[in-house]
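Peer 1: show me how the following folds:
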Amino acid sequence: MPVVTFKAKSNLVHDKSLEVLNHVRDFKLTADEPTDLGGTDKGMNPVEMLLCALGSCQAIVARAFAKANNIELEAYWVEVEGDLDTDGFLKGVEGVRNGFQEIRFTPHFKTTASREDVERFQTFIDSRCPVGDNLLNSVPIVVADVVIE
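Peer 2: Numbering: from 1, shown residues only. Modelled structure (predicted):
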């Protein structure tokens, strides 16, 4: 299977705000910070988007592979939460991580399948979720270029 390159573009919206307009294909998504973190609360913040990305990826894998795993899936949803110490991001406190300390999720299945089959299927979902893979395994992040305009 060929490698597919996904692309996104993120632009600050205003000179002094934290609002960001993200573009992917023909879609737009606003990111911001809540007011208590210095934003104007016009959208999810990036770490909330990350939680949504994990939950969405889990749900997509569940839907895409339920039938092949003999799971009749009436409904599936995921609750995702993470702990982040804002002293790392906001204050640069030494020894405090900027990102999540832990991410937890709870998948919910509406199905007639047995607990054993559902747990086996959730293990399968975890093994196929690209977002989960990116979070669990170190991915090189490379500054391709710095452009001054």
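
Peer 1: now stretch 13-32: buried residues?
Peer 2: Judged by neighbour count (16 or more other Cβ atoms under 10 Å), stretch 13-32 contains these buried residues: L18, E19, V20, L21, N22, A31, D32. (C-beta placed from N, C-alpha, C; glycine too.)

Peer 1: what's the answer for stretch 79-93, then?
Peer 2: Residues of stretch 79-93 classed as buried by neighbour count (16+ other Cβ under 10 Å): V80, G82, L84, G88, F89.

Peer 1: starting at the chain centroid, how far to that stretch?
Peer 2: How far stretch 79-93 lies from its chain's middle: 15 Å, per Cα atoms, centre = their mean, to the nearest Å.

Peer 1: which secondary structure element of this protein has the lowest mean pLDDT?
Peer 2: Ranking every helix and strand in the chain by mean pLDDT, DSSP states H and E puts helix 86-91 at the bottom, with a mean of 89.

Peer 1: next secondary structure after that helix?
Peer 2: Next helix or strand after helix 86-91 toward the C-terminus (DSSP states H and E): strand 100-111.

Peer 1: give the partner strands of that following strand in its sheet and their orientations.
Peer 2: Taking DSSP bridges as the criterion, strand 100-111 forms sheet pairs with strand 73-84 (antiparallel).
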